[in-house]
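Student: how would this look folded up:
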Amino acid sequence: MTLYLYFARRFAVNFLGLFSVFLVLWALIGMIEVLRKFGGSSAGAVDILVLTALAVPGTIYPVLPLITMLATLTLF
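Tutor: This is a model prediction of the structure:
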């Protein structure tokens, strides 16, 4: 039982670490894209952050299998 918990904990830490790296990367890329689209308009910083936060889950969802495979590779 202890070995299973050890592997589960290591996988969860690896997965969350990789997920956060990809999330920050995609958030920065999404923010640059939103700034490019709405740079000339009267959109404020809060509006740009909200639009970025709404767009990031849709772009990170297709990358989840890659994150899972990378977390499994780093586990062993």
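Student: Mind listing what's buried along the top helix by length along the chain?
Tutor: Longest helix in the chain by number of residues (criterion: DSSP state H): helix 2-38. Across helix 2-38, burial judged by 16 or more other C-beta atoms under 10 Å covers 11, 14, 15, 18, 19, 22, 23, 26, 27, 30, 31, 34. For the C-beta atoms, the positions are set from N, CA and C on the backbone; glycine is no exception.
Student: other SSEs contacting that helix?
Tutor: If you count contacts as 3 or more C-beta pairs under 8 Å, 6 or more residues apart in numbering; DSSP states H and E, helix 2-38 packs onto helix 45-60, helix 64-75.
Student: To residue 1, which of those helices lies closest?
Tutor: Nearest of the helices and strands packed on helix 2-38 to residue 1, taken as C-beta to C-beta: helix 64-75 at 18.2 Å.
Student: picking that back up, export the buried residues of helix 2-38 to a markdown table and tack on distance to residue 3?
Tutor: As requested, these are exported to a markdown table (distance: C-beta to C-beta, whole Å):
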| residue | distance to residue 3 |
| --- | --- |
| 11 | 13 |
| 14 | 17 |
| 15 | 18 |
| 18 | 23 |
| 19 | 24 |
| 22 | 28 |
| 23 | 30 |
| 26 | 34 |
| 27 | 36 |
| 30 | 40 |
| 31 | 42 |
| 34 | 46 |
